[in-house]
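give me a model of this one.
(one chain, ligands or ions: 3)
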Amino acid sequence: MLNAPVSHYLFTAAQSRDIDEQTINEIGIEGFTLMEIAGYSASQQILNIYPELSHGIYLCGKGNNAGDALVIARYLIQHDINASIVFLSGMDGLSPDTHKNFELLKKFDPENKISIYDSWDDFSGQASFDFIIDGMLGTGLDSNLRGDYQKAVQWANQQSVPVFSIDIPTGLHADLGEIMGKVIKADHTFTFGGRKQGFYLQDGPLHTGQVTYCELPFPNELKTSCNTFLIDESWVSEHQSSLGVHKYDTGVLYIIAGSEGLTGAAVMAAKSAWAEGLGAVFLVCPRGLLSVYEHNLPSIIKKPVGEQSDTCFSEAHLPDVRQIVGEKQGAVLLGPGLGRKEETVRFVIDFLSQNNRKTVIDADALWALAQSQKWKEFEEKQWILTPHPGELARLLEQDVKKDYQRLNLVRNFSAEHNVTTLSKGMPGIVSTKNGDSYLTNYDTRYFARAGSGDVLAGKISAYLALDYSPEYSCAQALLNGKKKLFTYLDTNRDLPEPTDFI
Ligand SMILES: NC(=O)C1=CN([C@@H]2O[C@H](COP(=O)(O)OP(=O)(O)OC[C@H]3O[C@@H](n4cnc5c(N)ncnc54)[C@H](OP(=O)(O)O)[C@@H]3O)[C@@H](O)[C@H]2O)[C@@H](O)CC1
Ligand SMILES: Nc1ncnc2c1ncn2[C@@H]1O[C@H](COP(=O)(O)OP(=O)(O)O)[C@@H](O)[C@H]1O
Ligand SMILES: [K+]
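Ligands and ions are numbered 1, 2, ... in the order given. So this is what the prediction gives:
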């Protein structure tokens, strides 16, 4: 397991509410105290990030989300930052802690820094303000936005000042990442006690702006039901190449890849793996393609099988391939550019039926899996599967439209078949055998060009060969690409080439 810090746990709304309730009822920290800590913490972050603010519009509902906003107002007026507070559901019926905070706030305002509006209609739009606080709805959202909430969201999204969402952008579904009628487009989201899973699914990434996790005193023991985590470079430590005494001590990888017309995939994967500092990379190839690899891959050891006329793998190559792969301890990458001929499909399935190596199954090897159910019964499965959306749909035998559905299906698939799965897309989802899932949070569209899957597969299998766990290998490979992408974008305007990620 990858040990994510609690700041990178991703919760559903129900999990968040359960943890709130247990902290209040079983641990004995009152909701009012939690609200104070949440609001204080967000207010300090706001002061830090935007030291020059002068007047905020606070859009408030009637639940505890509004209470957090009122605490923020209380701290900010102490710094001479005026507040216009709009209660979209009026001032009657505020939740108890929110009501209490409203009463408190008024006591902090001897100089009339606060204006209060008890409906949307009452609020006519202020002449001058320089930020908006979205304290309308948090985890209590239960349907598409109603009436005035829609109007307020639309209005806020049209203003040219920063919008700070409290806990979650109003209108974003905390679990699905879907838009519930309308949604706030935040510049910054201050989220309390735990990030919400929906920030990283579907429409979430386009609406949260920068997410800041604000700690609340929730005991970590209450968080153990969490099985979804955000991967980023802040906690996944980077692989450092190290020197072994002998080349075979420093990681050995066997790549079984390539066929006529698709040798590029094998070349990219091999170069990508080699760049991670392995001791030896062996490319097993049909003999007819050897000259291509001799020309393109000087550092890679080629292991041709079959006849000079062979340009794709078939069952006839199995004994030789098994013998080659059996020579040294190491990992296997199976798939890039294998092609989809029937004899190659049979080769893949038969190879996997007697394979006890840690193996990354990519591209056309995934096609082969989708052609035959046999693999589901194989016992030795130290596998990482790396399907793109089309490959995933074939494996699952269903179309997967929504990210939330993809997350659940990939999680179940990995647990059921005892494999690690990296479902490519936005977000990338890594699911482990024990039901944990890890999500990426960056724009993966730059990788949607033929070849970047081969580079990714090369990296994953390199880390696997270096003896990292399957989930670490996937996470590190993804982040390796992210780092290279950001470095590239710093200095270039053109789209990156897949080779830029090698
Ligand atoms: N508990 C704690 O200790 C802590 C909680 N914290 C904070 O509390 C937040 C959760 O608070 P919450 O549960 O009060 O829910 P919240 O989102 O404010 O609103 C619920 C109200 O919204 C309404 N409503 C629902 N859907 C709607 C719609 N579509 N359109 C319009 N209205 C809609 C619904 O109205 P009703 O259906 O009852 O008429 C209900 O009254 C959480 O996100 C965090 O910010 C933190 O301070 C940390 C400590
Ligand atoms: N470093 C990375 N971070 C996130 N996603 C990545 C990365 N590298 C590749 N991907 C994912 O892999 C996809 C490319 O894989 P794939 O479609 O299999 O390509 P190929 O044509 O090379 O086989 C990208 O669209 C992206 O979703
Ligand atoms: K909100």
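
so which residues of the stretch 1-150 of the chain form helices?
Ranges of helices within the stretch 1-150 of the chain are 13-22, 31-49, 64-77, 96-107, 147-158, based on DSSP state H, counting those that start in this stretch.

name the stretch among these that sits most buried.
helix 64-77 (a mean of 27; mean count of other C-beta atoms under 10 Å). Any C-beta I mention is one placed from the backbone N, CA and C, and that applies to glycine too.

can you lay out the helices of the stretch 1-150 of the chain as TSV showing mean pLDDT and distance to ligand 1?
Below are the helices of the stretch 1-150 of the chain laid out as TSV (pLDDT from 0 to 100; distance: least, C-beta to the nearest ligand atom, whole Å):
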stretch	mean pLDDT	distance to ligand 1
helix 13-22	96	4
helix 31-49	98	4
helix 64-77	98	3
helix 96-107	97	7
helix 147-158	96	5
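
I'd like these laid out as TSV, including distance to Gly428.
TSV is the format used below for the helices of the stretch 1-150 of the chain (distance: least, C-beta to C-beta, whole Å):
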stretch	distance to Gly428
helix 13-22	22
helix 31-49	28
helix 64-77	30
helix 96-107	38
helix 147-158	29
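
how is this structure partitioned into domains?
6-230, 247-501 (automatic domain parsing).

wait, which of those is closest to Val236?
Comparing the domains of the chain by their distance to Val236 (C-beta to C-beta), the top pick is domain 247-501, with 4.9 Å.

so does that closest one get close to ligand 2?
Yes. Counting by C-beta under 6 Å from any ligand atom, ligand 2 has neighbours in domain 247-501: 363, 388, 424-425, 428, 440, 444, 447-448, 450-454, 456, 478, 481-482.

what's the mean pLDDT across that domain?
When pLDDT is averaged along domain 247-501, the result is 96.

roughly how far is that domain from the heart of the chain?
20 Å (C-alpha atoms, centre = their mean, to the nearest Å).

quick one: end-to-end distance for that domain.
The first and last residues of domain 247-501 sit 24 Å apart, counting by C-alpha to C-alpha, to the nearest Å.

repeat for stretch 231-250
26 Å.

in contact with Cys226, which residues?
Tyr9, Leu10, Phe11, Gln15, Gly194 (C-beta atoms under 8 Å, 6 or more residues apart in numbering).

same thing with Gly140?
Gly61, Gly63, Asn64, Asn65.

so the last one makes contact with Leu137?
Read it as Asn65. Yes. Between Asn65 and Leu137 there is a contact under C-beta atoms under 8 Å: 5.7 Å.

so what's in contact with those two at the same time?
By C-beta under 8 Å, 6+ apart, the residues touching both Asn65 and Leu137 are Thr170.

hmm, who's touching the lengthiest helix in the chain?
Counting by DSSP state H, the longest helix found in the chain is helix 470-491. Residues from elsewhere that reach helix 470-491 (C-beta under 8 Å, 6+ apart): 1-2, 231-233, 236, 238-239, 358, 382, 384, 386, 420, 422, 428, 430, 432, 436, 438, 440, 442, 446-447, 452, 455-456, 459-464, 468, 496, 500-501.

narrow those residues to just the buried residues.
2, 231-232, 236, 239, 358, 382, 384, 386, 420, 422, 428, 430, 432, 436, 438, 440, 442, 446-447, 452, 455-456, 459-464, 468, 496, 500-501 (16 or more other C-beta atoms under 10 Å).

just the ones in helices from those, please.
Ser452, Val455, Leu456, Lys459, Ile460, Ser461, Ala462, Tyr463, Leu464.

quick one, what contacts the nearest residue to Lys247 once chain neighbours are set aside?
Once flanking residues are discounted, Lys247 sits nearest to Gly279: 3.7 Å by C-beta to C-beta, 6 or more residues apart in numbering. Shown in contact with Gly279 (C-beta under 8 Å, 6+ apart): Gly244, His246, Lys247, Tyr248, Asp249, Thr250, Gly251, Val252.

tally of neighbours for the fifth one?
Here the number of neighbours of Asp249 (other C-beta atoms under 10 Å) works out to 12.

cool, and the first one?
Other residues within reach of Gly244, judged by other C-beta under 10 Å, total 12.

as CSV, the contacts of Cys226 with distance to Leu333 would be great.
Formatted as CSV, these follow (distance: C-beta to C-beta, whole Å):
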residue, distance to Leu333
Tyr9, 32
Leu10, 30
Phe11, 35
Gln15, 37
Gly194, 36
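
which of those residues fall in strands?
Leu10, Phe11 (DSSP state E).

filter the contacts of Cys226 down to the buried ones, ChimeraX style.
Selecting only the buried entries of the contacts of Cys226 in ChimeraX, with 16+ other C-beta under 10 Å as the criterion:
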select :9,10,11,15,194
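
close to ligand 1: what parts of the protein are there?
Residues of the chain lying near ligand 1 (C-beta under 6 Å from any ligand atom): 20, 24, 31, 34-35, 38, 61-65, 68, 95, 137-146, 149, 166-167, 192, 216.

so, in contact with ligand 3 or not, stretch 11-21?
No. Using C-beta under 5 Å from the ion, stretch 11-21 stays clear of ligand 3, with a minimum separation of 12.3 Å.

going forward can the numbers begin at 269, since that is how I track them
From this message on, residue numbering opens at 269, which makes the last subject stretch 279-289.

so how far is that stretch off the chain centroid?
On C-alpha atoms, centre = their mean, the centre of stretch 279-289 falls 20 Å from the chain's centre.

what's that stretch in contact with?
In contact with stretch 279-289 (C-beta under 8 Å, 6+ apart) are residues 299, 302, 407, 409, 442-443, 461-465, 486, 490-491, 493-494, 496.

now do whichever residue of the stretch 619-768 of the chain sits closest to ligand 3 against ligand 1, distance only.
Closest to ligand 3 within the stretch 619-768 of the chain is Asn709: 19.5 Å, counting by C-beta to the ion. Going from Asn709 to ligand 1 by C-beta to the nearest ligand atom, to the nearest Å gives 20 Å.

go on, Ser352?
Applying C-beta to the nearest ligand atom to Ser352 and ligand 1 gives a distance of 19 Å.

still on that earlier bit, the residue of the stretch 619-768 of the chain closest to ligand 3 is in contact with Leu474, isn't it?
No. With contact defined as C-beta under 8 Å, Asn709 does not reach Leu474; the gap is 11.9 Å.

burial check on the residue of the stretch 469-618 of the chain found nearest ligand 3, number of neighbours?
Residue of the stretch 469-618 of the chain nearest ligand 3, by C-beta to the ion: Thr476 (10.6 Å). The number of residues packed near Thr476 is 28, by other C-beta under 10 Å.

show me what contacts it?
Taking C-beta under 8 Å, 6+ apart as the definition, contacts of Thr476 comprise Ser433, Ile436, Pro437, Leu440, Ala454, Thr457, Phe467.

so in terms of bridging, what pairs with the nearest residue to it once chain neighbours are set aside?
Among residues not flanking Thr476 along the chain, Thr457 sits closest, at 4.3 Å (C-beta to C-beta, 6+ apart). Assessed by DSSP bridges, Thr457 has beta-bridge partners Ser433, Val479.

many thanks, we can stop here.
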